[in-house]
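Peer 1: Quick one: sequence plus predicted model below, questions after.
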Amino acid sequence: MGLLKETTAKINDLDHQVMKQAEERVNHLIKPVGSLGKIEKLLIQLAGITRNPFPEIHNKAVIVMAADHGVYKEGIASNPQEITAIQTKFFPQGATGVCAFAKQTNSKVVTVDIGIDGDVSTTPGVIHRKIKYGTDNMVNGPAMTREEAIRSIEVGIEVAMEQMNQGVNLFATGEMGIGNTTASSAITSVVLGLDPKETTWLGANYPEEKMAHKINVIRKAIQVNQPDPKDGIDILSKVGGLEIGGMAGIMIGCAANRCPVVMDGYISAASALIASLIEPKVKDYIIPSHLSVEIGAIKALEYLGLKPMLDLDLRLGEGSGAVLAFNLVEAAVMMNKEMFTFEEAGF
């Protein structure tokens, strides 16, 4: 049995008995019932994930998966593809948006080359798990083989496990890859059964007047490849990306080890669609961070039944919104740990 099958076989439902215990305590804290809204629901989810009515956060990490896309050749991005490699080198230096927020939340940034179309092997601080030098152009055929798609997921599982062995017990998904909103729109269109015009927007400042071209490229890729909407691996291999597979693997690895994972924006949402098709219980372990301005992200979240905590008009990627939400996860833990119940307060 391969790593992916072994890992998904370990994924169980949330512990509903522990969730009831946590809810009972939260309802008796010295405050009006429900007055801390989503923070209360978050604590109950954390209790169910960890099987602990008093969940704790020890170490936090955002794993940034970096990869390129062959569909870039179709003119679907406003930035040069070399930006993927350039920006990836900046993550270990602490110089990007997600790095700034990671410093503020005392969390680490783990950078992984899973499929950059270039060489960053001499860059200190980058984990090298390259499967191939970018995906193939999905307009002409599958973005990758089924075996490569599975391997991308398994890389995510492996990296998550390595970080857990170092004491990390709260994760966020991040990515870097010029052209990955195109792949994410294709995935969302297939899974939700929508035309790409309903899932595609600007990405990284793509000119609005060229949007019809981007939509047509996605339509053509779907028509050429005919991905099975019920097979997450088939969708990933035909119209996905290596970093999207890597993030799906992080989510699957976290679910198998009862560890919460905070989802970032649109690209992370596409990964969640893939992961939940492979094993539907995975979505119970996902904490949605923010409402991306990308229209496809909004629809993917609705489909998954996930309600984000923040609405800040974010669309940077990198895991930046997810890391901001670390503060809210820790707030839920501290609420439960530090507040008295009425009984404890002597009432």
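Peer 2: Nice, I can see it.

Peer 1: Looks like Phe326 contacts Val262 (just checking).
Peer 2: Yes. Phe326 is within contact range of Val262, at 6.7 Å (criterion: Cβ atoms under 8 Å). All C-beta spots, glycine's among them, are computed from the backbone N, C-alpha and C.

Peer 1: These two: who's more crowded?
Peer 2: Val262 (28 against 25; other Cβ atoms under 10 Å).

Peer 1: how close does the more buried one get to Leu46?
Peer 2: Relative to Leu46, Val262 is positioned 11 Å away (Cβ to Cβ, to the nearest Å).

Peer 1: list residues touching both of the two?
Peer 2: Residues touching both Val262 and Leu46 (Cβ atoms under 8 Å, 6 or more residues apart in numbering) are Val329.

Peer 1: quick revisit: what sits in contact with each of Phe326 and Val262?
Peer 2: By Cβ under 8 Å, 6+ apart, the residues touching both Phe326 and Val262 are 170, 172.

Peer 1: In contact with the residue nearest to the spatial centre of the chain: list those residues for me.
Peer 2: Residue closest to the average C-alpha location in the chain (Cα atoms, centre = their mean): Ser268, at 3.2 Å. Taking Cβ under 8 Å, 6+ apart, we find Ser268 in contact with 173-175, 247, 319, 322.

Peer 1: looking at this, it is in a helix?
Peer 2: Yes. Ser268 forms part of a helix when assessed by DSSP: H, G, I helix; E, B strand; the rest coil.

Peer 1: So what's the residue count around Thr122?
Peer 2: Thr122 has 8 nearby residues by other Cβ under 10 Å.

Peer 1: Give me the distance between it and Pro92.
Peer 2: For Thr122, the distance to Pro92 - Cβ to Cβ - is 12 Å.

Peer 1: what does Ile233 give?
Peer 2: With Cβ to Cβ as the criterion, Ile233 and Pro92 are 31 Å apart.

Peer 1: thought Ile131 was touching Ser152?
Peer 2: Yes. In this structure, Ile131 is within contact of Ser152 by Cβ under 8 Å, at 5.8 Å.

Peer 1: Show me the strands in this structure, by range?
Peer 2: 60-67, 108-115, 126-128, 170-176, 261-263, 286-288 (DSSP state E).

Peer 1: Adjacent strands (with direction) for the second one?
Peer 2: Sheet partners assigned to strand 108-115 using DSSP bridges are listed as strand 60-67 (parallel), strand 126-128 (parallel).

Peer 1: Ok, the last one next?
Peer 2: Applying DSSP bridges, strand 286-288 is found paired with strand 261-263 (parallel).

Peer 1: Run the chain-centre distance for the partner strand.
Peer 2: For strand 261-263, the separation from the chain centroid amounts to 6 Å (computed by Cα atoms, centre = their mean, to the nearest Å).

Peer 1: who touches it?
Peer 2: 170-173, 250-251, 254-255, 269, 271-272, 285-289, 306, 322-323, 325-326, 329.

Peer 1: which ones are touching the nearest residue to Asp119 once chain neighbours are set aside?
Peer 2: Excluding its sequence neighbours, the residue lying closest to Asp119 (Cβ to Cβ, 6 or more residues apart in numbering) is Ala85, at 7.8 Å. Ala85 makes contacts with 66, 116-120, as judged by Cβ under 8 Å, 6+ apart.

Peer 1: ok, Ala85 to Met247 distance?
Peer 2: Taking Cβ to Cβ, one finds Ala85 at 19 Å from Met247.

Peer 1: Over to Ile153?
Peer 2: Counting by Cβ to Cβ - Ile153 and Met247 are separated by 9 Å.

Peer 1: Just want to know which of the two has more residues nearby.
Peer 2: Met247 (35 against 32).

Peer 1: and Glu208, how many neighbours does it have?
Peer 2: 9.

Peer 1: oh, I was asking about Asp136
Peer 2: 17.

Peer 1: who touches Val110 in this structure?
Peer 2: 61-64, 127, 159, 163.

Peer 1: what's the distance between it and Arg258?
Peer 2: On the measure of Cβ to Cβ, Val110 and Arg258 end up 20 Å apart.

Peer 1: what does Val190 give?
Peer 2: In terms of Cβ to Cβ, Val190 sits 30 Å off from Arg258.

Peer 1: Tell me which of those two has more neighbours.
Peer 2: Val190 (27 against 18).

Peer 1: how about Thr111, what does it touch?
Peer 2: 64, 66, 88, 91-92, 125-127.
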